[in-house]
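**Q** no sequence on hand, only this structure:
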């Protein structure tokens with residue numbers, strides 16, 4: 001009884017002790033150099049995928065973010081974003097046109113203090129143009145490859161909540177670990193993420209943020225994924241149908257918007273000849289919102305989508321072990 005009281009008192013103290021405020025200016029290094037943020041920003045614009053998830057997860061509402069065409073429904077908001085906005089009692093931010101071309105004029109119209117593009121594919125000339133509007137934070141290394149942990153911690157520095165960001169990453173890791181632990185068969189299972197694209201099998205390479213997440217969750221990227229890779233810095237590479245049988249793994253993981261599209265893929269002869277298909281060792285994540293939640297994941301989307309994702313993967317892993 002005494003021990004419980006002591007623990008409870010300790011937790012109470014932890015709850016009331018304020019987190020030390022982060023000091024500014026902050027310098028953030030990235031693929032195009034470094035960006036100095038002079039003071040805590042009040043008007044944040046995000047561009048790319050999932051950057052606004054990290055901002056919202058830290059309790060900050062951006063003034064503008066991209067319209068989420070994929071999985072966002074008619075209002076362009078993913079369900080986990082809608083839930084967070086409701087929790088914060090906030091209106092939806094201005095939604096930027098989700099086009100291949102960056103809507104520079106729309107972004108400038110929001111008069112941002114900072115532009116966050118930590119998970120994006122912006123190029124050097126686009127970065128330079130965005131930087132003329134406001135200090136812009138790009139990805140640390142490769143385009144479209146920043147792990148959700150790094151997105152979270154970088155955004156934490158941008159908004160002046162580094163400690164909170166570190167805690168959010170730790171809490172999310174624990175959530176993922178707890179969900180994964182429900183399925184012991186997942187640990188150590190080798191996998192390959194694939195799709196049927198443009199006349200060949202698209203194999204997601206180690207650089208892909210979705211693959212990085214699965215590795216961190218306890219799965220093992222099949223060695224053949226790396227062996228067959230051209231290692232050209234892309235997040236996926238094409239593999240001819242004739243060479244598909246060289247891609248060995250315990251399970252295959254695919255992502256499809258509809259069950260019909262998934263069924264169509266698995267009905268192809270070059271798929272049905274795979275040992276993973278014959279063993280029922282394939283994890284097909286179906287549904288645009290479920291796919292969006294892990295493509296790639298964020299600290300916000302994982303709590304919404306990972307429980308289902310883990311269940312789908314575990315079913316394939318069980319079949320692989322039969």
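**A** Happy to help now that I have it. It should be emphasised that the depicted structure is a prediction, and the values quoted were computed from it without experimental measurement.

**Q** now the strands for this protein?
**A** Chain-ordered strands for the chain, with DSSP state E as the definition, fall at 26-30, 33-37, 44-46, 64-66, 94-96, 114-116, 136-137, 190-197, 200-204, 220-221, 236-239, 251-256, 282-286.

**Q** number of nearby residues for residue 230?
**A** By the other CB atoms under 10 Å criterion, the neighbourhood of residue 230 contains 9 residues. From N, CA and C alone the C-beta is placed, and that goes for glycine too.

**Q** cool, residue 299 as well?
**A** Taking other CB under 10 Å as the definition, residue 299 ends up with a neighbour count of 25.

**Q** give me the phi and psi for it.
**A** phi -60, psi -20 (degrees, to the nearest 10).

**Q** before we move on, the earlier item: of all the strands of the chain, which lies closest to residue 272?
**A** strand 282-286 (10.6 Å; CB to CB).

**Q** parallel or antiparallel, which strands does that closest one pair with?
**A** Applying DSSP bridges to the sheet, strand 282-286 is found paired with strand 251-256 (parallel).

**Q** tell me the contacts of residue 287?
**A** Taking CB atoms under 8 Å, 6 or more residues apart in numbering, we find residue 287 in contact with 257-258.

**Q** buried set for stretch 175-185?
**A** Applying a neighbour-count criterion of 16 or more other CB atoms under 10 Å, the buried positions in stretch 175-185 are 176, 179-180, 183, 185.

**Q** try stretch 184-201
**A** Within stretch 184-201, judged by 16+ other CB under 10 Å, the buried ones are 185-186, 189-196, 200-201.

**Q** centre of the chain to that stretch, how far?
**A** Using CA atoms, centre = their mean, to the nearest Å, the mean C-alpha position of stretch 184-201 is found 17 Å from that of the whole chain.

**Q** next: stretch 168-183.
**A** Using CA atoms, centre = their mean, the distance from the centre of stretch 168-183 to the centre of the chain it belongs to is 15 Å.

**Q** how many neighbours does residue 106 have?
**A** Residue 106 sits with 14 neighbouring residues when counted by other CB under 10 Å.

**Q** next: the one 4 residues further on.
**A** Around residue 110 there are 19 other residues, counting by other CB under 10 Å.

**Q** export the strands of the chain as TSV, with columns for mean pLDDT.
**A** Shown next, in TSV, are the strands of the chain (pLDDT from 0 to 100):
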stretch	mean pLDDT
strand 26-30	98
strand 33-37	98
strand 44-46	98
strand 64-66	98
strand 94-96	97
strand 114-116	98
strand 136-137	98
strand 190-197	97
strand 200-204	97
strand 220-221	98
strand 236-239	97
strand 251-256	97
strand 282-286	97
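
**Q** columns distance to residue 161 on top of those, output as TSV?
**A** Shown next, in TSV, are the strands of the chain (distance: least, CB to CB, whole Å):
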stretch	distance to residue 161
strand 26-30	11
strand 33-37	13
strand 44-46	12
strand 64-66	18
strand 94-96	22
strand 114-116	13
strand 136-137	14
strand 190-197	32
strand 200-204	32
strand 220-221	32
strand 236-239	33
strand 251-256	32
strand 282-286	31
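
**Q** quick one: which of those is nearest residue 146?
**A** Residue 146 sits nearest to strand 26-30 of all the strands of the chain, at 9.5 Å, using CB to CB.

**Q** now for that closest one, which elements pack on it?
**A** Where contact means 3 or more CB pairs under 8 Å, 6 or more residues apart in numbering; DSSP states H and E, strand 26-30 is packed against strand 33-37, helix 148-159.

**Q** among the ones you listed, which is nearest residue 223?
**A** helix 148-159 (24.5 Å).

**Q** show the pLDDT at residue 205.
**A** Taken from the predicted model, the pLDDT recorded for residue 205 is 96.

**Q** what about it, how many neighbours?
**A** Using other CB under 10 Å, residue 205 is surrounded by 22 other residues.

**Q** next: residue 308.
**A** 17.

**Q** which residues does it contact?
**A** Residue 308 makes contacts with residue 290, as judged by CB under 8 Å, 6+ apart.

**Q** separation between it and residue 86?
**A** Note on residue 308: its distance to residue 86, by CB to CB, to the nearest Å, is 21 Å.

**Q** ok so, going back, which ones among the buried residues of stretch 175-185 are found in helices?
**A** With helices identified by DSSP state H, the entries of those that belong to them are 176, 179-180.

**Q** got any ranges where this protein has weak pLDDT?
**A** Judged against pLDDT under 70, the low-scoring parts of the chain cover residues 1-21.

**Q** and it, what are its domains?
**A** When the chain is parsed into structural domains using automatic domain parsing, the resulting residue ranges are 20-165, 180-320.

**Q** how far does the last one sit from its chain's centre?
**A** Yep, that's domain 180-320 we're talking about. Domain 180-320 has its C-alpha centroid displaced from the chain centroid by 15 Å (CA atoms, centre = their mean).
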